[in-house]
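> Here is a sequence with its predicted model. Questions after.
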Amino acid sequence: MCNKRGFTLLEVLLTIVLIVAAFAALSQAVSSGFFSAAENENDLVAVHLAQEKMEELRNKSYSTIANEAKAVVS
């Protein structure tokens, strides 16, 4: 019998399918990571603004706060 070296068509196709599936999963993970980073940035900005307002209110007397105009939040 003759020993032939190399890959069969089935092995090559299976390898290509596995590489494409791994690349799709990796690109999905990267995309989710970018989306989560944007969400976290928005949360951090909101927390920072809330902390600034709390510090501003802490430094005022109660009578000043009670008479302050209400802000409209859209």
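Cool, got the structure.
> Okay, buried residues for stretch 32-47 please.
In terms of neighbour count (16 or more other C-beta atoms under 10 Å), stretch 32-47 has no buried residues at all. No exception for glycine: its C-beta is placed from N, CA and C like everyone else's.
> An error on my part: the question was meant for stretch 24-32.
Result for stretch 24-32 [16+ other C-beta under 10 Å]: no buried residues.
> Beyond the host helix or strand of Ala24, next helix or strand please.
For Ala24, the host element (DSSP states H and E) is helix 9-58. As assigned by DSSP H and E, the chain's next helix or strand after helix 9-58 is helix 62-66.
> how about that following helix as PDB, C-alpha atoms only?
The C-alpha trace of helix 62-66 is given here as PDB (Å, rounded to 0.1, in the frame of the first residue of the first chain):
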ATOM      1  CA  TYR A  62     -32.100  73.600  54.200                       C
ATOM      2  CA  SER A  63     -34.100  76.800  53.600                       C
ATOM      3  CA  THR A  64     -32.100  77.500  50.500                       C
ATOM      4  CA  ILE A  65     -32.800  74.000  49.200                       C
ATOM      5  CA  ALA A  66     -36.500  74.100  50.000                       C
END
